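*Asks:* Sequence first, predicted model second:
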2 protein chains.
Amino acid sequence: MMTELKRLVVGRPLANDQLVHERLPKRLALAVFSSDALSSTAYATEAILIVLSAAGAAALGLATPIALGIAVLLMTVAFSYSQTIKAYPQGGGTYIVARENLGTIPSLTAASALLIDYILTVAVSMSAGVAAITSAWPVLDPYRVELAVGLIGLVSLANLRGMKESGAMFAIPTYTFIASMFLLIGAGLVNVVTGNVTPAPPPQTPHLPAEAGALSLFLILRAFAAGCTALTGIEAIADGVPAFRKPESHNAAITLAIMAVLLVTMFLGITVLANAYHIIPDGSHEPETANSQLARAIFGAGSPFYFLLQIATMAILVLASNTAFADFPRLAYFLARDRYFPRQFTQRGDRLVFSNGIVALGLIASILVVAFHAREQALLPLYAVGVFISFTISQVGMVQHWRRAQTPGWRRSALINGFGATMTGVVMVVLAVTKFREGAWAVLLLIPMVVMALLSIHNHYVAVAEQLSLEGAPRPAPVRRHTALVLVSGVHRGVIPALQYALSIAPDNVTAVYVDLDAENTEKIRRKWEEWGCGIPLVILPSPYRSLMQPLLQYIDEVEARYDDDVLTIILPEFVPSKWWQYMLHNQTGLQLKAALFFSRGKVVTSVPYHLEH
Amino acid sequence: MMTELKRLVVGRPLANDQLVHERLPKRLALAVFSSDALSSTAYATEAILIVLSAAGAAALGLATPIALGIAVLLMTVAFSYSQTIKAYPQGGGTYIVARENLGTIPSLTAASALLIDYILTVAVSMSAGVAAITSAWPVLDPYRVELAVGLIGLVSLANLRGMKESGAMFAIPTYTFIASMFLLIGAGLVNVVTGNVTPAPPPQTPHLPAEAGALSLFLILRAFAAGCTALTGIEAIADGVPAFRKPESHNAAITLAIMAVLLVTMFLGITVLANAYHIIPDGSHEPETANSQLARAIFGAGSPFYFLLQIATMAILVLASNTAFADFPRLAYFLARDRYFPRQFTQRGDRLVFSNGIVALGLIASILVVAFHAREQALLPLYAVGVFISFTISQVGMVQHWRRAQTPGWRRSALINGFGATMTGVVMVVLAVTKFREGAWAVLLLIPMVVMALLSIHNHYVAVAEQLSLEGAPRPAPVRRHTALVLVSGVHRGVIPALQYALSIAPDNVTAVYVDLDAENTEKIRRKWEEWGCGIPLVILPSPYRSLMQPLLQYIDEVEARYDDDVLTIILPEFVPSKWWQYMLHNQTGLQLKAALFFSRGKVVTSVPYHLEH
């Protein structure tokens, strides 16, 4: 029954040889790899405005110069990653680059930061996607958590089915989003140039303090840090070089450049217009996004272009979270393959995808969405720190790579990566300091904890491998003598096959054990045993506290001590109901005993079943 | 570790001989058995007012005559139950009475209705208890669900610890509640007599329709039905006769009479005063209870008496739900003993209480509280139907009892019970019809479903007992020949003991089986096997869909068909990590295989463990 349900949900299993890879032309690769980066324009400007609003409405105008600074940073990082593409045509994920060039601890630090980031990508993107929709249709706002969790469920499912990553599926939403953003920016700029700007009406509950605070340098740095979420996802193309058509590195680098230009244009355009239209963040309980306010001001509230933009925004944000659903399981696989992560993450499921990674990501992201009530602006302070940690590690790794490789032009490349590393490193510190109290502390605490967990997993696997190694193992010795204990819960047909089995493996050395839970029953058992006990001695254990386990485990210990050099087999007679639900109607004593014996002593445990008919 | 945690939470285990019963004097028995009934005055009047408000504020005055009708019904039912007390000095629970006098289906119907009612008692009482508190401290209203679920958790825990039901613990809240209710009613009546009544200010959002509906007979019947929740819990004394001091029946009957008089006085008093003070139900999102409005009008908002009443109301409602925590596990035990309910419910836990029943009740009631946002007025329509079904069955059973017993005066007793049964039967129909759309349909649907479930559980247990019976069983035949299959996942030290074990039980008939999931690994295995395989043939099974289970189960089937008259033992080499968390780092293949083999075929399954050091 469970099997049929699974088939219905995830589809029929795929054979190993159905694992193929599609090569993408640039225009499709741009769509596939850029959704994460481009979609951050849906919330980055608003994040700047929210921080600045602490210093009053007048301070909001600083968003434009801050965004210009972020744009410079963005181009630097993109240029730096184009060097990675050149060096790693097989895909330069941060973990790979760090492991090859910097060693274990930096690579695990990057991996921890990335694992946390992928989870946050899903939580932030889905929450922001829902916000785009509830801004257009506020009636949906009370259901935002349900909608976001539902979307995570759908994307998880699509990934579990091993959705063919057809470029076309990505191209339509991505290009629709780009087109409608450019339409918005174009229309807005025409208005600005023609002096035709009607400022947006302020929201009913503007996100402004009762008394405006001072405009400090710290506040400006915080606003800068908030806007740095615009850079999230920019590394995706460097990770995915092998998916490009030949020459891969060349095509990937061109695509990265195009994406960076698009991203800078959209981010600057939105920010400049938000200032021109005097957009004030909505501080109500059911906030409208800043982008939605701007689009309503430019297109008009009922305009089809407005609704198109909101829907396209949601669609690209869903795609962005889908990127994490590809990246998280892949990183988990690399870590598991290197024995830093539970080995279950190396298994491909029925549909050839890393099912465990997909399920884990979906579950944790859903918990975050529920905990943060699907408010992406509340999640953002956690988000960017990890991204900049992995940016910095990746680029420091590249500097090391060039110093080792010394290929022609390595000095120039090392210089570019070094400059990128310095920039992102400084920003990382700014982020950590300015966002510390808002939540970055949690990430900064979590990353070393995850690193330690990865290391102890690794130590365990290494220890197991050593202990199981046959190198220098003694030649196996045959079993000399068997001792068997049959644990009986009554005298009935289900017990007889177990007694016979016990006699067949240890003819002269079988004992049956019964725990006295009820004097009346025990007397009945004793009488029946004389007739049906096959001549095996029956030991009756007292149990004043009605516990089954404790007297049994204690007795087994005693027997084990007595026959020290033998194999002790514990035999459990089990009757098996014909239907699964009937199993719940019986005491799961057998299961409990098996668990207790497995962990606490590890004698040989044998189940002898007796099958019931109906 | 789990064990230590359990000890901390529920306390150390108690021995069987610590199970004793306390006999209660009348004044304590009244406190123990009447909390459920008396506490219903916390919500019954408001339930009437809410229904009547549909016909406008003027219709609210009808509450007084309706309450008078309910009072008559209440006295009739109490009188009827005093006959039960006479006939069943050993305790006349409805299930017992129905089973002895009416047979299986009526008794199971009553049992189903009672199980549902006990769950609703907990959900309603805890929600109403929280409402008493949030009425006094509205700032707590947003946390009402958390508070109610938290209280259920605490009461569950207290019951799991096997709280000594000391009468004193019940007496203080119950008598405080009775005293403060009489103080309220007394003060209110003095005001009425002296013409000193200041009507309560209407709530900010009165529970009144925009346009008042017509005052139909149906509406009056609905209001009557709503008020019948005042009768819930009245049967408790009849269930608990053996807890009274001798002469039990006599003392119990007197206590029942006192309780009925107290209940009628309090219910009528509150209702009359609610009309005199023009109490209008609060229709806001964070409603104040009608009782709280009345108490504020009479005592004054800041009066210590007001706060005392609210706290005492909450306390007695918590006690009322505690009653269900005694009754539900006991009924579950009776049903399980008669093989209508999973047998796990017959077990006494460490602390001599029926732990499974307590946990089940706490969980289901918590789910209801969450689903209904801890609003007792929303739960009430579900509540009373089941109560009246069990009232009616119980009293019909008593009529049958008297007709069979023909003890002196049986005609009179039968007449009283017959009259009671007719009254409650009519009210049951009224309740079912008038509350049908508000939720009674769910209970009316659920009861037959539960009855069917109980019957099919019974059929299963009977069938199992028949199949396991040794009556006429053939004498056991010894095992003739063993076949052993060792399932290997690699060649390492963990496998060797399993191979040796297999050779010792089936020296000439062992095969090792390996599933080929990865060609490279398989080749390694094959090479190592030559050195370490102890001469046992190794079968390698292909698996194009990367499934471990399917090829193995299929192969086991084939082997089984080949050696039809033998015992087939499946041997699983398992390495056991030294710490429990390490277990999660390994594939739970052994567990999956055991589950699959247990249910689908039930060959003898043997685990041979290999213990790891660290």
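*Replies:* Received, thanks.

*Asks:* for chain A, which residue is closest to the average position?
*Replies:* residue A:361 (2.8 Å; Cα atoms, centre = their mean).

*Asks:* Quick check on residue A:342: phi, psi?
*Replies:* Here is the backbone geometry of residue A:342 (degrees, to the nearest 10): phi -50, psi 140.

*Asks:* swap that for residue A:569, sorry
*Replies:* Main-chain torsions, residue A:569, degrees, to the nearest 10: phi -110, psi 130.

*Asks:* quick one: average pLDDT of stretch A:108-125?
*Replies:* The pLDDT scores in stretch A:108-125 average 94.

*Asks:* hang on, I meant stretch A:401-412
*Replies:* Here the average pLDDT along stretch A:401-412 is 91.

*Asks:* thought the residue nearest to the centre of chain A was touching residue A:330?
*Replies:* No: the pair residue A:361 and residue A:330 fails to qualify as a contact (Cβ atoms under 8 Å) at a distance of 11.0 Å. Bear in mind the C-beta positions are built from the backbone N, C-alpha and C, glycine included.

*Asks:* Could you pull up the contacting residues of whichever residue of the stretch 151-300 of chain A sits closest to chain B?
*Replies:* Nearest residue of the stretch 151-300 of chain A to chain B: residue A:162, at 12.7 Å (Cβ to the nearest Cβ). Going by Cβ atoms under 8 Å, 6 or more residues apart in numbering or on different chains, residue A:162 touches A:11, A:14, A:351, A:352, A:353.

*Asks:* Likewise for residue A:538?
*Replies:* By Cβ under 8 Å, 6+ apart, the neighbours of residue A:538 are A:488, A:511, A:512, A:513, A:514, A:525, A:526, A:529.

*Asks:* Kindly report the same for residue A:142.
*Replies:* residue A:286.

*Asks:* is it fair to say residue A:514 lies in a strand?
*Replies:* Yes: per DSSP: H, G, I helix; E, B strand; the rest coil, residue A:514 lies within a strand segment.

*Asks:* For residue A:436, give me its contacts.
*Replies:* So residue A:436 contacts residue A:444 (Cβ under 8 Å, 6+ apart).

*Asks:* ok, now with 10 Å
*Replies:* Contact analysis of residue A:436 by Cβ atoms under 10 Å, 6 or more residues apart in numbering or on different chains lists A:381, A:385, A:442, A:443, A:444.

*Asks:* Next, give phi and psi for it.
*Replies:* phi -50, psi -50.

*Asks:* From residue A:57, how far out is it?
*Replies:* 27 Å (Cβ to Cβ, to the nearest Å).

*Asks:* Check residue A:209 too.
*Replies:* Separation of residue A:209 from residue A:57 (Cβ to Cβ) stands at 10 Å.

*Asks:* now swap in residue A:246 and tell me
*Replies:* For residue A:246, the distance to residue A:57 - Cβ to Cβ - is 54 Å.

*Asks:* still on that earlier bit, check the contacts of residue A:162 against chain B and report the nearest one.
*Replies:* residue A:14 (7.3 Å).

*Asks:* what's the spacing between the closest residue to that closest one other than its chain neighbours and residue A:11?
*Replies:* Nearest residue to residue A:14, sequence neighbours excluded (Cβ to Cβ, 6 or more residues apart in numbering or on different chains): residue A:352, at 5.0 Å. Distance of residue A:352 to residue A:11, computed by Cβ to Cβ: 11 Å.

*Asks:* which of the two has more neighbours?
*Replies:* The neighbour comparison of residue A:352 against residue A:11 (other Cβ atoms under 10 Å in any protein chain shown) goes to residue A:352, with 17 against 13.

*Asks:* okay, and the common contacts of residue A:361 and residue A:330?
*Replies:* What both residue A:361 and residue A:330 touch, as defined by Cβ under 10 Å, 6+ apart, is the set A:118, A:354.

*Asks:* gap between stretch A:182-202 and the chain center?
*Replies:* 40 Å (Cα atoms, centre = their mean, to the nearest Å).

*Asks:* Need the mean per-residue confidence for it.
*Replies:* Stretch A:182-202 comes out at a mean pLDDT of 92.
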